[in-house]
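Peer 1: Just need the structure, nothing else, for what follows:
(2 chains)
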Amino acid sequence: MITEGILREKLGGWKRSSYCGEVGSAQIGSQVTLMGWVQKRRDHGGLIFIDLRDREGIVQVVFNPEKGAGTHEKAHSLRSEFVIAVKGAIGKRPAGTENPELKTGAIEVYAEELKVLNDSAPLPFMIEEESDVAETTRLKYRYLDLRRLSLQRKIILRHKVSACVRNYLAQHGFLEIETPVLTKSTPEGARDFLVPSRLSPGQFFALPQSPQIFKQILMIAGFDRYYQIVRCFRDEDLRADRQPEFTQIDAEMSFVESDDVISVMEGLISAVFKEGVGIELQPPFPRLTYAEATSRFGVDNPDTRFGLELKDLSSIVAKSGFKVFADVLAKGGVVKAICAKGAAEFSRKDLDDLTEVAVSFGAKGLAWVKLTDEGWQSPIAKFLSDEEKAGIEKTLGAVKGDLLLFAAGKLSTANTVLGRLRLNLGARLRLVPAGTFNFTWVTEFPMFDYDEAEKRHVAVHHPFTAPMDEDIDLIDTAPLKVRAKAYDLVLNGVEIGGGSIRIHTSDVQSLVFDMLGISREDAELRFGFLLEALKYGTPPHGGIAFGLDRIMAIMTASDSIRDVIAFPKTQKATCPMSEAPSTVDMKQLEEIFIRIVKKQAEKE
RNA sequence: GGGGCCGUAGUUAAGUUGGUCAUAACGCCGGCCUGUCACGCCGGAGGGCGCGGGUUCGAGUCCCGUCGGCCCCGCCA
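Peer 2: Residues are numbered from 1 along each chain as shown, chains lettered A, B, ... in the order given. Predicted coordinates:
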């Protein structure tokens, strides 16, 4: 009896005959042995119903006092999440008692023998399909959270996708080769996680932000095609789609150009989405150049599931009497706008919200126009001529009932502001169709960007990306005009992967380092082994890396990648379950020659 | 580094202008119940409102600070 000490029986040679979720009408009449967790007990005093759960699903077990009083008595003591084994016969449920909600709802198990393998303390929260429990609590008891079938299905699907990736890439000649986790810090890019070396006092390993250099070295070594499903580490602030450790599907190929990589990877993504969500994608996927993507959608990761594209009105309002527009244009800026169909009825509050969005992305303010029965309703209407108004309406395809939103300023600012407003409006107006997967390659990224804070050029992709052949002479003269052989794959407005053709000659690599303000000495110190390797017969090569977590999040319609990672971290990069990170013993610190320096506030 | 939202029983939440407001549902415990699957019915236990100050005769309710969570900007080659 449970009340007099816990009853915990041994398996005693019992073998499971199938998973709970796998029994069905086909087995009616046959004997089964099932093992799993008690999802729910419905005790009628006489009949007792137990929903028995394992990773494949739930089946109803019936305990009847007339079929073994001892077994029935034991069933009475069962509680949620007790671990049990049941022997019995599969039977068709009596007419009218079928449960269409359950996959196994046509049948039930008539229990003859029961073993209570383990009990369970009362739960901190219920194991339910859909949970509204606070995420911290769920993460603290992640093993319970993961028992929820909805979460198990996501983790299981992730496994299937990984298996599919390995299968596809192996079939296409890619070799799975492991690269070091303890590696060398490369100051370009994200902040590194550092690991002190006990055997080299004062020196540190870094956890890889990606296996970038190693996979290039593998190409130099002649492996021709490499892949790895690999953990990467970046010590930056977290987001819903960013974890400090995340998983990449990483691949590299030799003797290829951009189109070759893209083509093989379209096959991979198609295989993965067939496996994952059962849809047949139709490669080749649409492509946009970076210039076109930012011009039409405002961002380099365009969500192409809906329209609401940006239009340039600069030429129309070039001689405008509206000072804000005129001033911006005089300074070389642009005036762009979007037209939200049917949004003329937006309230003052709606417009305030949109203005707030615009300002948060760098706008000075937000000019708007409602096209109503009375014509232009807008704070700026009086500054614009009829001719200008007509031109704006024509360019935007605006009609009565529409709302027009304007951004004036630097091209990049105007694009960003309208691009983000577009996304906000897309959600607000429910323009985004559910269940669609729109893939777009974005190509011809700029090689360099200018970092105002650091007063130097930085690589938009990474320092090993090759420039486009026709732009190579611009590196010295007009670096910001140089386009790279880089490509991102965007799915529903989310960057799910990116890659490039790499520089495979040491002279071009040195030139690019020069451009990035990395001195010869610095380059030698940081990437010396790569520069050295490039000298010894490096084949042309390129590759790509996909964010597996993001792909899985989209496939499973999850709001956060935390839902597709078995053990994710909180926004402060902690693990509520293991309570990592934590302090360590002084002895451990001494061994690695580390001393903790307290923050000023703590000293006092 | 910054902005926003949140923190009341195991869980999810309600708590008016500060004064029986500590409340509900689910869960849990006990009892009854042979067709339930949000089982039903009866009874019961359980928190002092994230933490620390302050204002007040009196504070989940106001103020300050702090910790934690989530979303976002910066950051993330």
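Peer 1: Which helix runs longest in chain A?
Peer 2: Residue-count comparison of every helix in chain A, with assignments taken from DSSP state H, identifies helix A:149-171 as the longest.
Peer 1: need the residues of the stretch 101-250 of chain A near RNA strand B, please.
Peer 2: By CB under 7 Å from any atom of the strand, the part of the stretch 101-250 of chain A that sits against RNA strand B consists of A:101-102, A:105, A:108, A:122-126, A:132-137, A:186, A:188-191, A:209-210, A:212, A:234, A:236-242. Yep, even glycine has a C-beta here, placed from its N, CA and C like the rest.
Peer 1: Quick one: buried ones out of the residues you listed?
Peer 2: The neighbour-count criterion (16 or more other CB atoms under 10 Å) marks A:102, A:105, A:108, A:135, A:186, A:188, A:209-210, A:212, A:234, A:238, A:241-242 among those as buried.
Peer 1: Flag whichever of these scores worst on pLDDT.
Peer 2: Checked by pLDDT, those have A:Thr186 as the lowest-scoring entry (76).
Peer 1: Which residue ranges of the stretch 101-250 of chain A form strands?
Peer 2: For the stretch 101-250 of chain A, applying DSSP state E, counting those that start in this stretch gives strands covering A:107-118, A:175-176, A:194-196, A:204-206, A:225-233, A:245-254.
Peer 1: looking at the ones you listed, which is buried most?
Peer 2: Looking across the strands of the stretch 101-250 of chain A with neighbours counted as mean count of other CB atoms under 10 Å, the highest average goes to strand A:245-254: a mean of 23.
Peer 1: Now it: average pLDDT?
Peer 2: What strand A:245-254 shows for mean pLDDT is 98.
Peer 1: per-residue confidence at the residue in chain A sticking out farthest from the centre?
Peer 2: If you look at how far each residue of chain A sits from its centre, by CA atoms, centre = their mean, the farthest one is A:Glu66, at 54.1 Å. A:Glu66 carries a pLDDT value of 90.
Peer 1: One more: the one 5 residues further on?
Peer 2: The predicted local confidence for A:Thr71 comes out at a pLDDT of 93.
Peer 1: low pLDDT regions in chain A?
Peer 2: A:1-6, A:598-604 (pLDDT under 70).
Peer 1: Quick one: the helices in the stretch 451-600 of chain A, in order.
Peer 2: For the stretch 451-600 of chain A, the helices defined by DSSP state H, counting those that start in this stretch cover A:474-477, A:506-515, A:520-534, A:548-555, A:586-591, A:600-603.
Peer 1: Mind giving me the packing neighbours of the first one?
Peer 2: Looking back up the chat, that one is helix A:474-477. Using 3 or more CB pairs under 8 Å, 6 or more residues apart in numbering; DSSP states H and E as the contact test, the elements touching helix A:474-477 are helix A:506-515.
Peer 1: and the helix it packs on, which residues are buried?
Peer 2: Residues A:Ser506, A:Gln509, A:Ser510, A:Leu511, A:Val512, A:Phe513, A:Met515 are the ones in helix A:506-515 that count as buried (16+ other CB under 10 Å).
Peer 1: Report the contact partners of A:Tyr156.
Peer 2: Wrong residue type there; residue A:156 is Ile, not Tyr. Contacts for A:Ile156 were tallied using CB atoms under 8 Å, 6 or more residues apart in numbering; they are A:Arg55.
Peer 1: dump the residue contacts of whichever residue of the stretch 51-200 of chain A sits closest to RNA strand B.
Peer 2: Per CB to the nearest atom of the strand, the residue of the stretch 51-200 of chain A with the smallest distance to RNA strand B is A:Gly189, at 2.7 Å. Contacts here follow CB under 8 Å, 6+ apart; on that basis A:Gly189 touches A:Gln209, A:His462.
Peer 1: how close does A:Phe567 sit to RNA strand B?
Peer 2: Separation of A:Phe567 from RNA strand B (CB to the nearest atom of the strand, to the nearest Å) stands at 13 Å.
Peer 1: residue boundaries of the helices in the stretch 1-150 of chain A?
Peer 2: Going by DSSP H, counting those that start in this stretch, the stretch 1-150 of chain A shows helices at A:69-76, A:135-140, A:142-145, A:149-171.
Peer 1: and the shortest one, which residues are buried?
Peer 2: For helix A:142-145, a neighbour-count test (16+ other CB under 10 Å) marks A:Arg142, A:Leu144, A:Asp145 as buried.
Peer 1: again with the longest one
Peer 2: Within helix A:149-171, the residues that qualify as buried are A:149, A:151-152, A:154-155, A:157-158, A:161-162, A:164-166, A:168-169, counting by 16+ other CB under 10 Å.
Peer 1: which one among these gets closest to A:Pro540?
Peer 2: A:Leu169 (20.1 Å; CB to CB).
Peer 1: shouldn't the closest one be in contact with A:Met253?
Peer 2: No - contact status for A:Leu169 versus A:Met253: not in contact, 10.4 Å apart, counting by CB atoms under 8 Å.
Peer 1: and for the two, which residues touch both?
Peer 2: Counting by CB under 8 Å, 6+ apart, the residues touching both A:Leu169 and A:Met253 are A:Arg225.
Peer 1: ok, the closest residue to RNA strand B within the stretch 251-400 of chain A - contacts?
Peer 2: Using CB to the nearest atom of the strand, the point where the stretch 251-400 of chain A gets nearest to RNA strand B is A:Ser360, with a distance of 6.0 Å. Taking CB under 8 Å, 6+ apart as the contact definition, A:Ser360 lies against nothing.
Peer 1: got the phi/psi numbers for it?
Peer 2: Main-chain dihedrals, A:Ser360, degrees, to the nearest 10: phi -70, psi -20.
Peer 1: likewise the one 4 residues further on?
Peer 2: When read as degrees, to the nearest 10, the backbone of A:Lys364 gives phi -80, psi -30.
Peer 1: All set now, cheers.
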